[in-house]
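1. Could you work out the structure for the sequence below:
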Amino acid sequence: MSAATRGTSPPDAILERFLSDMTQDDYAGTPAPLPGPTARRPTAWLALAVAVVIGLVITAALWNARLSTAERGQTRAALEERVQVLAGTVAERQAAVDATTAQVQGLREALLAESDAGPARASEITVLSAQAGTSALEGPGVVITLDDAPGAEVGSLNRVLDRDLQDVVNALWQEGATGIAVNGQRLTADTAIRNAGEAILVNYQPLTRPYVIAAVGARAASAPTSGPRVLLDGLSSDYGLVGDLDLADVALPAGELRSPRFAAPDPQLEGGSP
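-> Sure thing, here's the model as predicted:
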């Protein structure tokens, strides 16, 4: 019997089956091909949409910031204009007060000249006026200049505060000062030194740096161990404030005593029984 009648395959068929068996298992676990451009299209559209939304948000934020800056600038300009107008009004009224004060002084001197007790009363008034700070005062004294630390930021402790001026003024009183003025504002019995926002007020007048504290008397404050000198050294070392103290001939303006609007005298102090 021939090979063909016993069911055997020809050589070409055997070779093809052999190659098929050898390669079938190797390619069975091959992953599917990567998706083409059509499959990636939804992801690309999503990324584009997110980018557009982010751009719109950034644009809106920048626009709002620009509007806020413009509004702040307009508000600041309006406030500055208002302050200038009010400052002019205050200056006019202060000039009227000074003129009236000079007129009252002239009338008082005329009345004292007509009185028999005029000289003694005039001397008493002079002493009391000097003590109250309502008359001009000249004499040897000291001048203290106090300023912020170089590069001090707004709201930091490296700037001169109202309590710093208060401490310096109190130290000068303790050294025997007979009169004190801060930036030309004479201190009287009802003077307040306080903060109002970022400004320091003396006699309700805003001051600008540097702060110049002039005092008649208190010559001992120039000593290295005096209270004012030690205080200035402490402010310099702790907060970087710039302070200077010099001996000088000082001329202080007259101050003004303001009558309280709401306070009333105690009846017991007016002669009533205790």
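2. what helix or strand is Ala120 on?
-> helix 118-132 (DSSP states H and E).
3. Give me the buried stretch members for that helix, please.
-> Neighbour counts over helix 118-132 (16 or more other Cβ atoms under 10 Å) mark Ala122, Ser129, Ala130 as buried. Quick note: C-beta positions are derived from backbone N, CA and C, even for glycine.
4. how near is the last one to Gly139?
-> Noted for Ala130: a distance of 10 Å to Gly139, by Cβ to Cβ, to the nearest Å.
5. Next: Gly88.
-> For Gly88, the distance to Gly139 (Cβ to Cβ) stands at 34 Å.
6. In this protein, which helix is the longest?
-> helix 37-114 (DSSP state H).
7. mean confidence score for that helix?
-> Looking at helix 37-114 alone, the average pLDDT works out to 77.
8. quick revisit: what touches both of Ala130 and Gly139?
-> Contact with both Ala130 and Gly139 is made by residues Thr178, according to Cβ atoms under 8 Å, 6 or more residues apart in numbering.
9. Mind listing residues that contact the helix holding Ala120?
-> 108-109, 111-112, 115, 135, 137, 178-179, 188-189, 255, 257.
10. Show the buried residues in those.
-> Buried among these by 16+ other Cβ under 10 Å: Leu112, Ser135, Leu137, Thr178, Gly179, Thr188, Gly255.
11. Tell me the one of these nearest Asp98?
-> Gly255 (11.8 Å; Cβ to Cβ).
12. which residues in the stretch 101-250 of the chain form helices?
-> 118-132, 162-174, 227-239 (DSSP state H, counting those that start in this stretch).
13. tilt between the first one and helix 37-114?
-> For helix 118-132 against helix 37-114, the angle by axes from the mean of the first three to the mean of the last three Cα atoms, to 10 degrees is 160 degrees.
14. For helix 118-132, list the C-alpha coordinates in CSV.
-> Coordinates of each C-alpha in helix 118-132 appear next as CSV, following Å, rounded to 0.1, in the frame of the first residue of the first chain:
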residue,chain,number,x,y,z
GLY,A,118,-3.8,144.7,88.9
PRO,A,119,-0.1,144.0,89.2
ALA,A,120,-0.5,141.2,91.7
ARG,A,121,-3.3,139.7,89.8
ALA,A,122,-1.4,139.9,86.5
SER,A,123,1.6,138.2,88.1
GLU,A,124,-0.7,135.4,89.4
ILE,A,125,-2.3,135.0,86.0
THR,A,126,1.1,134.8,84.3
VAL,A,127,2.2,132.0,86.6
LEU,A,128,-1.0,130.0,86.2
SER,A,129,-1.0,130.5,82.5
ALA,A,130,2.5,129.1,82.2
GLN,A,131,1.6,126.1,84.4
ALA,A,132,-1.5,125.4,82.4
